[in-house]
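In: missing the sequence, but the structure's below:
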């Protein structure tokens, strides 16, 4: 089985396993106690904090351990906003942040900064979003779905000049290196770089106004309540140091493998859009979307072939809504596949993936069939009734009838699937047809497409 979903959770690094087992024997006592076992546990905790702080690029007394990366984000945002409550409750976030950031931001007055088709923000957009009552800005170091690296250094400079702290969610990039720029707060998650799950990092620079929320607790500088999971913390710190030692060499190797996927997939499979920045991206992540393909079915096909990958397609979500990242980028979401290679992934596995992918996509497209659309003649347009059908079916039906209208004629696709709002414009761009826009309908919406060629 080839595990290609390291962006969700990386396999446990061998160093993490060794450190975890050793710490289970040595680090079980309360590190706040003064007796021998407590002192031994305190030494392990302090050493882990120093190692993690070195990896983050902060002072040890600026770093707190939390129970997860999500908790680190929640605590960081709540504490930073509370610390600047006299300024206001306005937050700035990018449209492609991790859901933990977006859910936290819902509690405040939020400005969402848009991204381009590569998934990157513009530093100027943060300048334009700043207000006198802005308490905090948030920006991920790199995107978890498409791998695009954000201009954190530039945005951090913008925020510093404005006197606004910047919280950086560095979960995806921390294993590759420290985050550059004058950031104010930073969060991370150990299981993203090969540490154990259940350990997060929250760094708060000295001088940043921060007021921990919730009941008071004396542990972790009062920022994260509860007894520290010391064996997991030791393993997390040890694995961070280990992966950093391998990062430069692995980055070159994995970048070559993902570049091979980026180049070969459009050659092997028709109607594919590779998304994300081709240059400013994490070494191990490549994402692409396939027209006329159901994402969940494709994942099952690849699983049967021995490959574990993930998807941002709406059909893989219990909410049946497309990924907010792909939606913000304005790219195709149907048939979406994210390949995220772990440390140690080998060339032969990638070559075999490229061998089985065309057949898997073809089988999914054959299963879907391209059902005969219900077509009625409108006064000035062909109308495709795709109500009650989930993407990619509305797009398939559009593709079947676009040739039936003359150049300059239009097709109105009736659909009540939210994914159509993203996928039909994306299909138009890929097929060089004109997307006229969305119109209200008795049920769902009508998406109007004009034939150009």
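Out: Structure received. The shown structure was predicted, so the numbers you read here are calculated from the model rather than taken from an experiment.

In: distance from the one helix or strand residue 325 maps to to the middle of the chain?
Out: Element membership of residue 325, judged by DSSP states H and E, is helix 324-329. Relative to its parent chain, helix 324-329 has a centroid offset of 10 Å by C-alpha atoms, centre = their mean, to the nearest Å.

In: quick one: residues in contact with that helix.
Out: For helix 324-329, the surrounding residues in contact (C-beta atoms under 8 Å, 6 or more residues apart in numbering) are 95-96, 99, 102, 114-119, 143-146, 275, 289, 312, 332-333, 336, 422. (Each C-beta comes from the backbone N, C-alpha and C, glycine too.)

In: that one: what's the following helix or strand?
Out: Once the chain leaves helix 324-329, the following helix or strand, as judged by DSSP H and E, is strand 336-340.

In: before we move on, what SS does the closest residue to residue 6 other than its chain neighbours have?
Out: Take residue 6 and drop its neighbours on the chain: the residue closest to it by C-beta to C-beta, 6 or more residues apart in numbering is residue 342, 3.8 Å away. Using DSSP: H, G, I helix; E, B strand; the rest coil, the structure places residue 342 in coil.

In: phi, psi for residue 342 please.
Out: phi -80, psi 160 (degrees, to the nearest 10).

In: that one: what's it in contact with?
Out: Shown in contact with residue 342 (C-beta under 8 Å, 6+ apart): 3, 4, 6, 10, 11, 194, 284.

In: show me which of the residues you listed is closest to residue 240.
Out: Proximity of the contacts of residue 342 to residue 240, judged by C-beta to C-beta, is greatest for residue 194, which lies at 8.4 Å.

In: distance check, residue 305 against residue 341.
Out: To residue 341, residue 305 is 17 Å away according to C-beta to C-beta, to the nearest Å.

In: the two: who's more crowded?
Out: More neighbours surround residue 341 than the other of residue 305 and residue 341, with 28 against 16 (other C-beta atoms under 10 Å).

In: give me the neighbour count for the nearest residue to the more buried one once chain neighbours are set aside.
Out: Spatial nearest neighbour of residue 341, excluding adjacent residues (C-beta to C-beta, 6+ apart): residue 284 at 4.2 Å. When counting by other C-beta under 10 Å, one arrives at 26 neighbours for residue 284.

In: please apply the same query to residue 128.
Out: Other residues close to residue 128 by other C-beta under 10 Å number 11.

In: just the mean pLDDT for the helix or strand containing it, thanks.
Out: Assessed by DSSP H and E, residue 128 sits inside helix 123-129. Summarised as a single mean, pLDDT over helix 123-129 is 97.

In: three-state assignment of the residue lying closest to residue 335 once chain neighbours are set aside?
Out: What sits nearest to residue 335 in space, not counting adjacent residues and going by C-beta to C-beta, 6+ apart, is residue 293, at 2.9 Å. Assigned with three-state DSSP, residue 293 falls in the coil class.

In: what about residue 293, distance to residue 431?
Out: 16 Å.

In: out of these two, which sits in the busier spot?
Out: Comparing residue 293 with residue 431 by other C-beta under 10 Å, the one with more neighbours is residue 293, at 31 against 17.

In: what's near enough to touch that one?
Out: Contacts for residue 293 (C-beta under 8 Å, 6+ apart) come out as 334, 335, 361, 364, 365, 368, 392.
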